[in-house]
Each structure stands twice: as C-alpha cells, then as structure tokens.
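Asker: Show me the folded form of this:
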Amino acid sequence: MLKDNHEIVLDPEDYHLVEMVLLISLDDEELMLLSSAFYNKLDCVRLAHSALIQNLHVWSQIEPSVDDLFHSAEELISRLPFIHRRLLIRESRMKLFAAVFESTVEGIIIIDAAGIIQLFNKAAEVLFQYAAPDVIGSNIKALMPTMYARNHDRYINNYVTTGKKKIIGIGREVTGLRKSGDVFPMDLAVSEFESEGKRLFVGIVRDVSERRRLELEILRISEQERRRVGQDLHDGLGQMLTGISLIGGSLAKRLEENKSDFAEDMFEITDLVREADRLTRNIARGLVQVALEGDGMSAALRTLCSNAEKYFSLNCTYHEHGNVSINDSGVASNLYRIAQEAVSNAAKHGRAENVTVTLRTTSEGLELTIEDDGVGFPEVLKADRGMGVDIMGYRARVINASLEIEAEKGKGAIVRCTLSLPNILN
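Answerer: Numbers count the residues shown, from 1 in each chain. As a prediction, this is how the structure comes out:
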C-alpha cells in the first residue's frame, strides 16, 4: 500500500492478507509493483484518489481495476460502510464462482485473448493430467496436438479482428493432449466475457473417448452388414438373375423358332433381367469393398472416380502425390467411405460437372481432398438435411482425423480430411 509517498513494505507471501489498496500517488516503479502484486487479486478492493485522473499515463493503466474514487480522507471514511458492503458482495460472488468452478465434472479453462491460461479447474487437472499451477500462465496450445496448436492463435486473432466465429459460441469436437503425450477426443464449448477491460474466453471440455469407441463399433458393425448385404446380392440374387436370364434367353429362342407371337416379348424380358443382374452386381461391388491396405487405396479411389463418371455422368479425376500406402484397414475403409460420400454428394446434391479427388502425403501424415464445381451449400446447414455430412464427420473422428468442409452457395465445395499417421504410412 502507498500513502503520502511512504511505502508500507509487504512480503509477497503476505499479499493475500490485503483486503484494500489505496492508490494516492504512483510512479512507474510503484505501478509495476502493484500490477504484479494486486491486479490479479480479484477479492481486493482498490480505491484511487481522484487526483490520479490527471496523470493520464498512470490512470490509463489502473482505470479498469479501480473500484471507486475518493476526493479526500473524510470522504473516504464516510464511504467505508458502503465499500465494506461491496466487499462482502464481491466475496460472496467469488465464493459462489469458486464452488461452481471447482465442483463441476466438466473441465473448465479460462484464457485471455493471447491464449494464456488464467484459470484451470480440478476436472481439467484430471482430464489433462496437469496441476493448475503448472499450466496457468502458459499458452493453451500446450494442451493441443501440434497439428491443431499451430492454427490456434490464428483462430483467436481472426475472431478478435473479424468477429467471425469458428468455435466460439458454437462448440465442436476437437482433440486434446494429455501431459503423458496421449491424445483424446473431447467436446469443446467456448464462450467469451469481459473482466476489468480484458477479453477472456471460457472453454468447457468433456472427454468423449467412450462415445468415440461406441461410434467406431457402430461403424464396424455397419461395415460388416454392408459387406454381408453386398455378398448376398452378388452370390444370391445376382446368380439367381443370371440363371433366369439364361433360361429366358433359351425360351425366347425356342419361341422364335416356333414363330410364336410371344418371342419378341420374351427377348425383351430377358434383356430386362440381364440389366437387373448387371445393376445388382454393380450395387454389390459398391457394398463389398476391395482390399484397401497398402496400395489398394489408390486403386479403389481410381475405381470410385471411374464409376462416378459412368453412373453420374460427370468428369471425375483422381490425383495422387507422394508414396501413399496405408497399413491400417480401419483407417483406409473410413477414408474411402468419406471420399465415396463426398463424390456422391457432389453429384446428387451439388449438381457438379467436375469432381477432383486428391490423395497426398504431407510432412505430418495424409490428406484426402474432394473438390467440386457444383452449387455448393450455405454455411449453416438445414436441420432436415441428410446424414451424409454427419456420417463423414463421424468417420473422420473415429480415426482421429480432422474434417473441414469449405462450401459457399453457388461456388462448389471442398471436403478435406487430414490425418496424422505416424504408424500407418509406410
């Protein structure tokens, strides 16, 4: 505390004992001391002499944290009962905040506009395996894998500059990084508020590893059922239709030899059965996936583009950059299905004429991109839309990949799936 240019010296360990600070006259050295000692002590009342307003340099730095002004010692004494009540109210609110902040089962992290961690509750300590003192004062990027951390500051700066929300006020599923180095999926909801002139962001996080495991199991079962249906179509219905077409063709020839009026009708029926057989086998091939491990992914994507040109009447090309080889069948299968869904959406809903599928290796892993020149779609999708976009998101999340969809109405769409594959790429 400072009074009449006489300094009352306190040991830094005793700062927590101070309930009130009187700001009478300050120079830069004293201002630095107060800043380090009391400005972050939210339960401390700070009162300033009105004369400090004349010192614009000092006043501009202390104004956001000043609780009240006084003009004389007499006025200060007369206002002490009101100040005491204000202190009690503040203390009550702080206790309420602390009770909620520390007892909630969700991780809560508060950062400033520079991404520096200000508060870190007990649930966040359990989630990230860090004690609060170890991370407070550090950048939030310490809790993110490298591929996400490098873009975090850009996201904050973009929001502060443009006001365009990516996560803030919206929420999404992201990937966290524990102290042990393990990564895990989590739901993140972010909001913002202002305190003492500073813009702060509150992140509420929840570990969704179990939900991810269940999603992966659902997709695995779905893939098994898809293969079973495809196999049944090929081996069961397909063979039956082949048999019917052979019998029908033989019968049509006999009717023709006997100059029957029904010969032409029988030939037509046989052609229809053959067409049904061809369609059935094509459907079966789409359901029964070819082997995708190793170099199979490239072959499968080329076939996907070839079939898209045949069935959707569009130009679909495949490009590959780098030596792409995947040795995890689950990853390969989900990547292929993402590409399949994106191409189908471009043709059916985007009404695209040209689609480009690109698979490339990067310094960090693998990137799959599907770009079209269709009609695109608005940034906010309708609630009654199909499940294709959501399923692509599920598939990306279960293989710890990031999925981005850049689309603007009337200007086509780009689907980009990025995957870090330290143990999957050869």
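
Asker: Longest helix in this structure, please.
Answerer: Looking across the chain with DSSP state H, the single longest helix is helix 73-103.

Asker: Give me the packing partners of it, helices and strands only.
Answerer: If you count contacts as 3 or more C-beta pairs under 8 Å, 6 or more residues apart in numbering; DSSP states H and E, helix 73-103 packs onto strand 20-23, strand 45-49, strand 68-70. In this view, the C-beta of every residue, glycine as well, is placed from N, C-alpha and C.

Asker: Report the distance from that helix to the chain centre.
Answerer: Distance of helix 73-103 from its chain centroid, counting by C-alpha atoms, centre = their mean, to the nearest Å, is 40 Å.

Asker: C-terminal to that helix, which secondary structure element comes first?
Answerer: Downstream of helix 73-103, the first helix or strand assigned by DSSP states H and E is strand 107-112.

Asker: Hey, what's the angle from that following strand to helix 73-103? Just curious.
Answerer: Here strand 107-112 runs at 140 degrees with respect to helix 73-103, directions being taken by axes from the mean of the first three to the mean of the last three C-alpha atoms, to 10 degrees.

Asker: Parallel or antiparallel, list what pairs with strand 107-112.
Answerer: Strand 107-112 sits in its sheet next to strand 117-120 (antiparallel), strand 198-207 (antiparallel), going by DSSP bridges.

Asker: May I have that strand as PDB, with CA atoms only?
Answerer: Provided in PDB are the C-alpha atoms of strand 107-112 (Å, rounded to 0.1, in the frame of the first residue of the first chain):
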ATOM      1  CA  GLY A 107     -13.100 -29.300 -17.300                       C
ATOM      2  CA  ILE A 108     -13.200 -25.500 -17.300                       C
ATOM      3  CA  ILE A 109     -10.300 -23.400 -18.700                       C
ATOM      4  CA  ILE A 110     -10.200 -19.600 -18.900                       C
ATOM      5  CA  ILE A 111      -7.800 -18.000 -21.300                       C
ATOM      6  CA  ASP A 112      -7.100 -14.400 -22.400                       C
END
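
Asker: Considering the strands paired with strand 107-112, which stretch scores lowest in mean pLDDT?
Answerer: With a mean of 89, strand 198-207 has the lowest mean pLDDT of the strands paired with strand 107-112.

Asker: quick one: average confidence on the following helix or strand past it?
Answerer: Scanning forward in sequence from strand 198-207 by DSSP H and E, the next helix or strand is helix 209-232. Here the mean pLDDT over helix 209-232 is 77, rounded to a whole number.

Asker: cool, stretch 61-76 as well?
Answerer: Stretch 61-76 shows an average pLDDT of 81 in the prediction.

Asker: Check which residues of it are buried.
Answerer: 61, 62, 65, 66, 69, 70, 76 (16 or more other C-beta atoms under 10 Å).

Asker: swap in stretch 311-319?
Answerer: The neighbour-count criterion (16+ other C-beta under 10 Å) identifies 312, 314, 316, 318 as the buried residues of stretch 311-319.

Asker: Could you measure from the second one over to residue 124?
Answerer: Taking C-beta to C-beta, to the nearest Å as the measure, residue 314 and residue 124 are separated by 48 Å.

Asker: one step back: quick check: angle from the longest helix of the chain to strand 45-49?
Answerer: Interaxial angle, helix 73-103 versus strand 45-49 (the same axes, to 10 degrees): 150 degrees.

Asker: What residues of helix 73-103 count as buried?
Answerer: Counting neighbours by 16+ other C-beta under 10 Å, one finds that the buried residues in helix 73-103 are 76, 83, 87, 101.

Asker: Tell me which residues touch residue 352, please.
Answerer: Each residue near residue 352 by C-beta atoms under 8 Å, 6 or more residues apart in numbering is listed here: 314, 346, 372, 373, 374, 412.

Asker: For the first one, give me its contacts.
Answerer: Applying C-beta under 8 Å, 6+ apart to residue 314 gives the contacts 308, 346, 347, 352, 353, 354, 355.

Asker: name the element the last one belongs to?
Answerer: Read that as residue 355. Using DSSP H and E, residue 355 sits within strand 354-361.

Asker: Show me what that strand pairs with in its sheet, parallel or antiparallel.
Answerer: Strands adjacent to strand 354-361 in the sheet, as given by DSSP bridges, are strand 315-321 (parallel), strand 365-372 (antiparallel).
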